[in-house]
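J.: Have a look at this fold, sequence not included:
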Ligand code: C5P
């Protein structure tokens, strides 16, 4: 019998708004965020294996530095599904990376979400969407959104999702940095910068929801906002220069993506995105650029 094999494609995310509230007793921050999934995708293949356990191999950009053992979120995702459905796992996972590693685009979370979907299919477990979402939330704050895709408001620590209706598709340019930033370090820097100031409860931007409902990229560009941006720039000052360059080159808006260091620039259309990508590359302020569109669906079986 041929070993079962399932391939899942999963998108990166950009936070169109990231409002960071007070630090909670559990070490997480209360958030209101608007996630958007973009078609910068990782591919995760899960195959049944003759050997017991879960093994992991990785390829693609930045794959060399990633852990392949039990501290990889994808391995933890596979073990979570196995425990939930009561199987002794015997699988090989392969991840092909295109989402920047430690880039603030939830690449690790995306791989975990894709592994949940792939294991569910390989083991013919038939878990409901809500059950997969519960497992996802146990793995990390951004994992449920990678399952969900599209555009959604995230509350709590980001894991509680409400879908947002948006018209049309938006064109983005992502400027990738040489070296990643640690998410906990950026949140800690945000706390340090805000020390002694009262932090308000976060709320979703009306302007942003209007822009999405209207499919209006100019309005969306104005509404982009990330409370982690000052912290990311404080840790990596060149991000400030990169955002200024994007502004000079006519981006409709520019923002640090999540905890950074990837910067996301909104373009008018695909032609504008191409011009912007060329101009940003020429600055020498980023390692490389990627164009992408969104919203797109979350983790999906493709083969
Ligand atoms: O949930 P996840 O593992 O992605 O979070 C990584 C880290 O980011 C947390 O350990 C925490 O330091 C920070 N974080 C936070 N508040 C959130 C989400 C993440 O402080 N809502």
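T.: Nice, thanks for sending it over. In this text the structure is predicted, and so the values were computed from the model without any measurement.
J.: where does the stretch 151-300 of the chain come near the ligand, residue by residue?
T.: 157-158, 183-184, 187 (CB under 6 Å from any ligand atom). Every residue, glycine included, has its C-beta placed from N, CA and C.
J.: Out of the residues you listed, which end up buried?
T.: 157-158, 183, 187 (16 or more other CB atoms under 10 Å).
J.: ok, is stretch 72-92 in contact with the ligand or not?
T.: No. Shown here: stretch 72-92 not in contact with the ligand (CB under 6 Å from any ligand atom), separated by at least 8.1 Å.
J.: Would you mind listing the buried residues in that stretch?
T.: 72-82, 84-85, 89-92.
J.: which two in the residues of the stretch 151-300 of the chain next to the ligand are spaced the farthest apart?
T.: Largest separation among these by CB to CB: 158 and 184, giving 14.0 Å.
J.: so of the buried residues of stretch 72-92, which ones are in strands?
T.: Per DSSP state E, strands hold the following members of the buried residues of stretch 72-92: 90-92.
J.: What segments of the stretch 1-150 of the chain are helices?
T.: For the stretch 1-150 of the chain, helices defined by DSSP state H, counting those that start in this stretch occupy the ranges 73-85, 107-122, 129-139, 143-148.
J.: I'd like those helices laid out as JSON lines, including distance to residue 98 and mean pLDDT.
T.: Formatted as JSON lines, those follow (distance: least, CB to CB, whole Å; pLDDT from 0 to 100):
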{"stretch": "helix 73-85", "distance to residue 98": "15", "mean pLDDT": "98"}
{"stretch": "helix 107-122", "distance to residue 98": "9", "mean pLDDT": "98"}
{"stretch": "helix 129-139", "distance to residue 98": "21", "mean pLDDT": "98"}
{"stretch": "helix 143-148", "distance to residue 98": "14", "mean pLDDT": "98"}
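J.: circling back to that earlier point, between the residues of the stretch 151-300 of the chain next to the ligand, which is nearest residue 275?
T.: residue 183 (31.7 Å).
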